[in-house]
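**Q** this one's structure only:
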């Protein structure tokens, strides 16, 4: 059971249904909205999403949700970014040379061809925490989560990194800063470990 209401940002970026299903399974109190005023009234915020960075940012800006997310962050209330939701929190993405929200220092880059592996990175992979974080509480170390992505964040501040994953290279698969937690994988599609991570966030 979550404390207070969780707002889920609807900016036409997909995977809302799977997030909704996970929150219902956890008996969370939540609502999905693309209205900036309603987003700001939430007790915590989830930014989900799949898709392309430029289109995602254009959708956010068109609805006034880019400013709403920044304003929400500035309240100090908890924020969780999922998949492209982690990428949009950084300063920029090399995908279509996109300027993002800039709440985290760093950029988002594509997996290099030299890794010799299929891109996008798709399927289950281990997520290894590198520092203590409440979202990984009660989750066995090295648990696997479900990924679907071609781009990943390169934080400018190493202290942001909560967990790492290897896919030809080692990359940051979870980050945290102040009231932000964000993951490159899909916890809502990652079985019991993923549900536990979301449940931990809902208690924050």
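**A** It's in. These numbers come from a predicted model, not from an experiment.

**Q** drop to CA atoms for contacts and neighbour counts, all remaining ones
**A** Fine.

**Q** what lines up beside the strand ranked longest in the chain in the sheet?
**A** The longest strand of the chain (DSSP state E) is strand 169-177. Its sheet considered, strand 169-177 pairs with strand 161-167 (antiparallel), strand 180-183 (antiparallel) by DSSP bridges.

**Q** Residues touching the last one, excluding its own?
**A** It refers to strand 180-183. Under the contact criterion CA atoms under 8 Å, 6 or more residues apart in numbering, strand 180-183 has outside partners 73, 78-83, 85-86, 173-176.

**Q** Give the burial count for the residue nearest to residue 170 when sequence neighbours are not counted, as a bare number.
**A** Excluding the flanking residues, the one nearest residue 170 by CA to CA, 6 or more residues apart in numbering is residue 164, at 6.5 Å. By other CA atoms under 10 Å, 18 other residues sit near residue 164.

**Q** Enumerate every residue touching residue 164.
**A** Contacts of residue 164 (CA under 8 Å, 6+ apart): 127-130, 170-174.

**Q** export those to TSV and tack on distance to residue 147?
**A** Compiled in TSV, the contacts of residue 164 are given as follows (distance: CA to CA, whole Å):
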residue	distance to residue 147
127	10
128	14
129	16
130	19
170	14
171	13
172	13
173	10
174	12
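
**Q** Dump the residues you listed to a markdown table, plus neighbour count.
**A** Compiled in a markdown table, those are given as follows (neighbours: other CA atoms under 10 Å):
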| residue | neighbour count |
| --- | --- |
| 127 | 22 |
| 128 | 20 |
| 129 | 21 |
| 130 | 14 |
| 170 | 9 |
| 171 | 18 |
| 172 | 23 |
| 173 | 26 |
| 174 | 27 |
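
**Q** Among these, find me the one that's closest to residue 29.
**A** Lowest distance from residue 29 to these (CA to CA) belongs to residue 174, with 24.4 Å.

**Q** which residues touch that closest one?
**A** So residue 174 contacts 161-164, 181-184 (CA under 8 Å, 6+ apart).

**Q** For residue 103, what are phi and psi?
**A** Note on residue 103: its backbone torsions stand at phi -80, psi -20 [degrees, to the nearest 10].
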